[in-house]
Structure formats: C-alpha cells, structure tokens
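I'd like to go over a predicted model; first the sequence, then the structure.
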Amino acid sequence: MSTEPLRRLIERWRADDTSTYRTWFLWEERLKNFRSIRRGIEQVVDAIEAGTFGNVYKGSVLETVVGSIAEQRQIFKGADHAFLWKPKLRIPDIYEDRENQAAFGRFLDVCACCRTEEHVLQAIRQLDGKSIKGLGPAAANLLYFLHPTLVPPSNTAIVKGFNALTGAKVKLGRWTEYLAMREGVLRLNQEHRDLLSNDLGAVAGLLFDIGSGRYVAPQGMTMPSRSPPGGGPRTRARGRGAGGPGPGGGQRNGRDAHRGPGMAAGPGARTRIRRLDRGERPRTVLGRRPPRGPLS
C-alpha cells in the first residue's frame, strides 16, 4: 500500500497547533532539562552504589527525576506510576531487594556512559535477564533522556498508536515487546525522516496522538519488511553517537531544528529540576569509557 495517506496524516499533524508535535516537541522549554535529568540519573546511580538510595520511592532522588519527567506535557503524564511502590504486589522490586536495586543502578550507569546502540541494547537485554518483578519498559522513558536518537519513549498510548498504525500486537510490560516495537518505530521514522526527526520524540508524539484517539491511523498500513539499503535500524550503530549533534541531529527542517538537548515542564517540574541542579554533580560520565562485561 502507498505510504501517501500516512504522509498526509503526518503533514496535517505537524500543522495542527494542538498536536503533540506543536505543543511538546517544538516547545522551546522542552530543550532545557535533558542535562538536568541526566544529572539526576547519575545521582540515582551514585546513591545506589553508595548504599544510600534507601528502600522507598518517596523522597528518593529517583522520585525527583521521574517526577520531573512525569510533569512534562501530556505525553509523559503518569510516567511515575511504574516506579511507585505497590505494597500489595511488592513491585517494582528495586526497593526491598538489594541485588535488584544494584542491577537497576548498573543498567542506568551503563546507559549513561555508553554512546552506541549496541551498548544500550545489551544493557536492556541484561536487565531483562534479571527478571526484576515490576520493572519493565517504563524505564525506557529514563533512557530517552540519555539517548533521544536511539530509545523512543513508551507508554500505553504510544503502544496503542503503534499497533493501530502498523497492525502489530505489541503488549505492554515486556522488554522483548518493547524492543520489537522499537525496531518498527525506527523503520517508520526512517521511512518518513523528512517529516519527522532523528530525535525519536517526534515519532513517539505521532504515535501518542494516534493512540490517544486524536488522529485516526490510515487503514491497511504495513511496515516495510526490511531496512532500506545503506544501513537501517537493524544495523548496529557502531560509532554513531547516541545523542548526535543534539536530539535533532542529521538533517533538520524548519522548526524541527534542535538547539541542544533539553526538556522542561510546568512550575512543579521546574522546582524538581532546580533541586537536581543545586545538587553537586557526582562525576562526568560522558567522558568515561563504556563499561564492559555483563551487569551481573
């Protein structure tokens, strides 16, 4: 089937003043907090390594970081739910189980240090191998702020939009399902790169709006069966910087040109970000060599 109906939908979506593309992706304040959220993630890693993270979500540095993400505009609303402690289910099991907590910290540390797709995917698969109860692809929302060109955000509406657009049957809560969706998102983004961005927040915003019912997916759409010549998303991005020259990187068009990595939100989130900024930066992880070996 022709991709023209989808292209027309994307063009209409980009021009709509109420779309996530206009209200969030092109929002100037969006660019301001990537650095602070990255610093907050580093502080989570330091607290876990030092044994000072604690055994509760409330009041932890993780609450500060995830809360600042959750208070972004609609696309990240509820991002903190996955990390809230559910006492009856005793999940996510990173508060009471020290070994699981340490594995989560190493996962974040590897992803904060590495610069390639290969290392990010390896870290995800190794974390998945730990089978930590209640800790699933919601953590991808943390990784997005570390690697916006490699890791798309994930929530119920994004998954629903992806399934509606592609005819897939991706399920929530499993890393294997998320990674399969990620492959499709990268192919979709590559197919319509001139209308989107290599910051995967743009295509995630499109899927979010479709999944939220704001737009109807064209009927009969199918994903390309393989990546185009020249190295598609299934090709390991060895040597490709995870962040590129800012989240927009590569080709840019119009207001899609990013000025640097960042993210911002309303007054509550700004307060959280200021709290992160006031904290002493534990170390500069960007200059460190990516850790080697398994996370165990």
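Ah, there it is.

Just confirm V185 contacts V151, I think it does.
No: distance between V185 and V151: 9.9 Å, which falls outside the contact criterion (CB atoms under 8 Å). C-beta here means a position set from N, CA and C on the backbone, and glycine is covered the same way.

So for those two, which residues contact both of them?
L200 (CB atoms under 8 Å, 6 or more residues apart in numbering).

Return the distance of stretch 199-207 from the chain's centre.
10 Å (CA atoms, centre = their mean, to the nearest Å).

try stretch 35-53
18 Å.

Dump that stretch to PDB, restricted to CA.
Extracted in PDB, the C-alpha atoms of stretch 35-53 (Å, rounded to 0.1, in the frame of the first residue of the first chain):
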ATOM      1  CA  ARG A  35      21.000  17.900  31.000                       C
ATOM      2  CA  SER A  36      19.400  18.100  34.400                       C
ATOM      3  CA  ILE A  37      17.600  14.900  34.100                       C
ATOM      4  CA  ARG A  38      20.800  13.200  33.000                       C
ATOM      5  CA  ARG A  39      22.500  14.600  36.100                       C
ATOM      6  CA  GLY A  40      19.600  13.300  38.200                       C
ATOM      7  CA  ILE A  41      20.100   9.800  36.700                       C
ATOM      8  CA  GLU A  42      23.800  10.000  37.600                       C
ATOM      9  CA  GLN A  43      22.800  10.800  41.200                       C
ATOM     10  CA  VAL A  44      20.400   7.800  41.300                       C
ATOM     11  CA  VAL A  45      23.400   5.600  40.200                       C
ATOM     12  CA  ASP A  46      25.600   7.200  42.900                       C
ATOM     13  CA  ALA A  47      23.100   6.700  45.600                       C
ATOM     14  CA  ILE A  48      22.600   3.000  44.700                       C
ATOM     15  CA  GLU A  49      26.400   2.500  44.500                       C
ATOM     16  CA  ALA A  50      26.900   4.200  47.900                       C
ATOM     17  CA  GLY A  51      24.100   2.200  49.500                       C
ATOM     18  CA  THR A  52      22.200   5.400  50.400                       C
ATOM     19  CA  PHE A  53      19.300   5.000  47.900                       C
END
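
Could you pull out the buried residues of it?
By neighbour count on 16 or more other CB atoms under 10 Å, the buried set for stretch 35-53 is 35-48, 53.

Pick out whichever of those sits closest to R214.
I37 (26.3 Å; CB to CB).

The closest one and N55: what is the separation?
Distance, I37 to N55, by CB to CB, to the nearest Å: 23 Å.
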